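1. Sharing a sequence plus its predicted fold:
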Amino acid sequence: MEVQVATLCDSAHDYNHKLCIIGTFDTICSTRLPVIHPQCAIALRICFKPGDEGEHDIAINFIDDDGKPKMPPLRSRIAIKLPAEAYFLTRNLVINIQQLRFDSVGQFSIDVTADGEILTRIPLRVMLVEKDKQ
């Protein structure tokens, strides 16, 4: 299996098997702690080939820069069966997240695994910025 798209974004939708992504980002800025991002989504497009048929456990883990989990993993189980004439099959996965909270700044990652094996890692930076003095 091959990850074709993996991103953190403002919004994502699977529309007629098309992955629609709005506002991809890798940094969250705030003027104070805790940092609370009101709404975001993780968008994935995974391509499966004949050797990938069967059931797969997909997990999404938010990890801090020390490798510790930031929240419980988000899990999904998908079954893959390619039609006889198909060389590949793609699946879009969209995970919507509300009120994503960070109690500290730093480097984070969103690790995507399938059956316990890492498929990809999405980097995320959380930082404080000074309030505009106007």
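-> Done, it's in. Numbers count the residues shown, from 1 in each chain.
2. C-alpha from now on. contacts and neighbour counts both.
-> Noted.
3. all strands for this protein, in order.
-> 2-15, 18-24, 27-30, 35-48, 54-64, 74-80, 89-102, 106-114, 117-128 (DSSP state E).
4. Dump those to JSON lines, plus mean neighbour count and mean pLDDT.
-> Listed next are the strands of the chain as JSON lines, based on neighbours: other C-alpha atoms under 10 Å; pLDDT from 0 to 100:
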{"stretch": "strand 2-15", "mean neighbour count": "17", "mean pLDDT": "97"}
{"stretch": "strand 18-24", "mean neighbour count": "15", "mean pLDDT": "98"}
{"stretch": "strand 27-30", "mean neighbour count": "15", "mean pLDDT": "95"}
{"stretch": "strand 35-48", "mean neighbour count": "18", "mean pLDDT": "96"}
{"stretch": "strand 54-64", "mean neighbour count": "18", "mean pLDDT": "95"}
{"stretch": "strand 74-80", "mean neighbour count": "13", "mean pLDDT": "93"}
{"stretch": "strand 89-102", "mean neighbour count": "16", "mean pLDDT": "94"}
{"stretch": "strand 106-114", "mean neighbour count": "19", "mean pLDDT": "96"}
{"stretch": "strand 117-128", "mean neighbour count": "16", "mean pLDDT": "96"}
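5. which residues sit against stretch 34-43?
-> For stretch 34-43, the surrounding residues in contact (C-alpha atoms under 8 Å, 6 or more residues apart in numbering) are 5-12, 19, 21, 28-29, 92-104, 126.
6. One more pass at 7 Å, please.
-> Contact with stretch 34-43 is made by 6-12, 93-104, as judged by C-alpha atoms under 7 Å, 6 or more residues apart in numbering.
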